[in-house]
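>>> Sequence first, then the predicted structure:
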Amino acid sequence: MSLKDLPKLELHLHLEGAAPPAFIRGLAKEKSVDLTGVFKEDGSYAYRDFVHFLSVYEAATSVLKTPDDYARLVSAVLEESAAQGVVYCETFVSPDFCGGSDVGAWREYLHAMQEAADRAEARDGIILRGIVTCIRHFGPDKARASALCAAETAGDWITGFGIAGDEGKGKPGDFAWSFDLAREAGLRLTAHAGEWGGPQSVRDALRDLGVERIGHGVRAIEDPALVDELAEAGVTLEVCPGSNVVLGVYPDWSSHPIQRLRERGVKVTVSTDDPPFFHTTMSHEYEQLERVFGWETADFLEISRNALDAAFCDGNTRERVADRLKDHPNERTSDDR
């Protein structure tokens, strides 16, 4: 079985950030929206650094204006993911971009996205769940509106709440009210930290927001005591190596700490973050991990099991995904024994 065909789980995928450039260009043409500066001559997304990436991301997202646009986006993204062997995916979705955080409008967007996800599951067997995500650089007040949308629609499909955006804006504690509301609604919690912020940003997210997963979290490696704490507490990291390398968090794949974190007992998973922005796919991530760190199918199975254990889904969904992992060659070998 090729790396592309291995069954994969992805826990860290921004829905708008996964939009194929051709899809966004086509939508812009339909709506007569000028996206000058968003694309390079070769058709890929154009940005200079992380802060500029955020502005390009938001400019590209501006063409997504209706529930139907988001339904089409979900279909396009899941088609790409399924082609890479992804069987289960969690995506970050923000009410800020879906109806301006109005609960009624958010419900309409959510209904359209869920219907598209159901069609993709029936067609390709890929399962999608949503994590409502507030945007850090939009500030705590807008985060509260997003948290209310999340709390009002928590259930089998909206299963988590998180925070993304510019780690340089504000502190995790500024968003504690929103996370408390989401927790009370039964949502599972994650937060971006330890990407641009150092180890302290991870400590702050764990302490002030009470999250069980950390998006990225790789700079925890700079604090050995924190690494031990993550391992002992069983905190799962949603690691996106390709994203970290392209954005310059690390200069190259061999410098990335994912293997060192594993060796220290930290539970890591692998995701693509915003795949077309970073010229990656889940298969490409696997290929690089094999090339640079010598990972074999047993290592990839371990990563998938970590993701399944940490997934924000109900027991029935977890069992269905576990059945798909039985297609993994190492899983079949262990079953035979």
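Sure thing, it's come through.
>>> In this protein, which helix is the longest?
Within the chain, and with DSSP state H defining each element, the longest helix by residue count is helix 103-124.
>>> Follow the chain on from that one and name the next helix or strand.
Following helix 103-124 in sequence order, the next helix or strand is strand 127-135 (DSSP states H and E).
>>> could you check the angle helix 103-124 makes with that following strand?
Comparing the axes of strand 127-135 and helix 103-124 via axes from the mean of the first three to the mean of the last three CA atoms, to 10 degrees yields an angle of 150 degrees.
>>> hang on, the earlier thing: for the longest helix of the chain, give the mean pLDDT please.
Helix 103-124 shows a mean pLDDT of 97 in the predicted model.
>>> do stretch 84-94 as well
Per-residue pLDDT values over stretch 84-94 give a mean of 97.
>>> tell me which strands and helices the longest helix of the chain is in contact with?
When contacts are defined as 3 or more CB pairs under 8 Å, 6 or more residues apart in numbering; DSSP states H and E, helix 103-124 packs onto helix 67-83, strand 127-135, helix 140-153. (Glycine included, C-beta is placed from N, CA and C.)
>>> what angle do the helix or strand following the longest one and helix 67-83 make?
The first helix or strand that comes after helix 67-83 along the chain, using DSSP H and E, is strand 86-93. Between strand 86-93 and helix 67-83, the angle comes out at 150 degrees (the same axes, to 10 degrees).
>>> In strand 86-93, which residues are buried?
Residues of strand 86-93 classed as buried by neighbour count (16 or more other CB atoms under 10 Å): 86-93.
>>> so where's this structure shaky on pLDDT?
Applying pLDDT under 70 to the chain flags the ranges 331-337.
>>> can you give me the helices for it?
In the chain, helices defined by DSSP H lie at 21-31, 50-61, 67-83, 103-124, 140-153, 176-184, 199-209, 224-233, 241-247, 258-263, 282-293, 297-310, 315-325, 329-336, listed in chain order.
>>> Turn the ones you listed into a markdown table, columns for distance to Ile131 and mean neighbour count.
As requested, the helices of the chain are exported to a markdown table (distance: least, CB to CB, whole Å; neighbours: other CB atoms under 10 Å):
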| stretch | distance to Ile131 | mean neighbour count |
| --- | --- | --- |
| helix 21-31 | 21 | 16 |
| helix 50-61 | 17 | 17 |
| helix 67-83 | 14 | 20 |
| helix 103-124 | 12 | 17 |
| helix 140-153 | 9 | 21 |
| helix 176-184 | 10 | 18 |
| helix 199-209 | 14 | 21 |
| helix 224-233 | 20 | 16 |
| helix 241-247 | 17 | 22 |
| helix 258-263 | 22 | 18 |
| helix 282-293 | 18 | 19 |
| helix 297-310 | 12 | 19 |
| helix 315-325 | 14 | 14 |
| helix 329-336 | 27 | 12 |
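>>> Can you say which of the ones you listed is nearest to Phe97?
helix 50-61 (5.4 Å; CB to CB).
>>> Quick one: residues in contact with the closest one.
For helix 50-61, contacts defined as CB atoms under 8 Å, 6 or more residues apart in numbering pick out 14, 16-17, 19, 24, 35, 37-38, 45-47, 97, 137, 165-166, 196, 247-248, 274, 277.
>>> The longest helix of the chain relative to helix 140-153, how many degrees between them?
Relative orientation of helix 103-124 and helix 140-153, computed by the same axes, to 10 degrees: 60 degrees.
>>> orientation of helix 103-124 relative to helix 315-325 in degrees?
Relative orientation of helix 103-124 with respect to helix 315-325: 30 degrees, computed using the same axes, to 10 degrees.
>>> re earlier: would TSV of the helices of the chain with distance to Ala191 be doable?
Putting those into TSV (distance: least, CB to CB, whole Å) gives the following:
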stretch	distance to Ala191
helix 21-31	27
helix 50-61	17
helix 67-83	23
helix 103-124	21
helix 140-153	11
helix 176-184	8
helix 199-209	4
helix 224-233	13
helix 241-247	16
helix 258-263	17
helix 282-293	22
helix 297-310	14
helix 315-325	22
helix 329-336	31
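>>> Which one, of those, ends up nearest to Phe161?
For these, distance to Phe161 was read as CB to CB. The smallest value, 3.5 Å, belongs to helix 176-184.
>>> what's the angle between the closest one and strand 127-135?
160 degrees.
>>> Give the other helices and strands that helix 176-184 contacts.
Under the contact rule (3+ CB pairs under 8 Å, 6+ apart), helix 176-184 is packed against helix 140-153, strand 158-164, strand 188-193, helix 199-209.
>>> That helix vs helix 199-209, what angle?
Orientation note: helix 176-184 sits at an angle of 60 degrees relative to helix 199-209 (the same axes, to 10 degrees).
>>> Show me what helix 176-184 is in contact with.
When contacts are taken as CB under 8 Å, 6+ apart, the neighbours of helix 176-184 outside the stretch itself are 132, 134, 140, 143-144, 146-148, 150-151, 154, 161, 163, 189, 208-211.
>>> and if you look at stretch 246-256?
Stretch 246-256 has contacts (CB under 8 Å, 6+ apart) with 49-50, 53, 195-196, 218-219, 241, 244-245, 257, 277-280, 288, 291-292.
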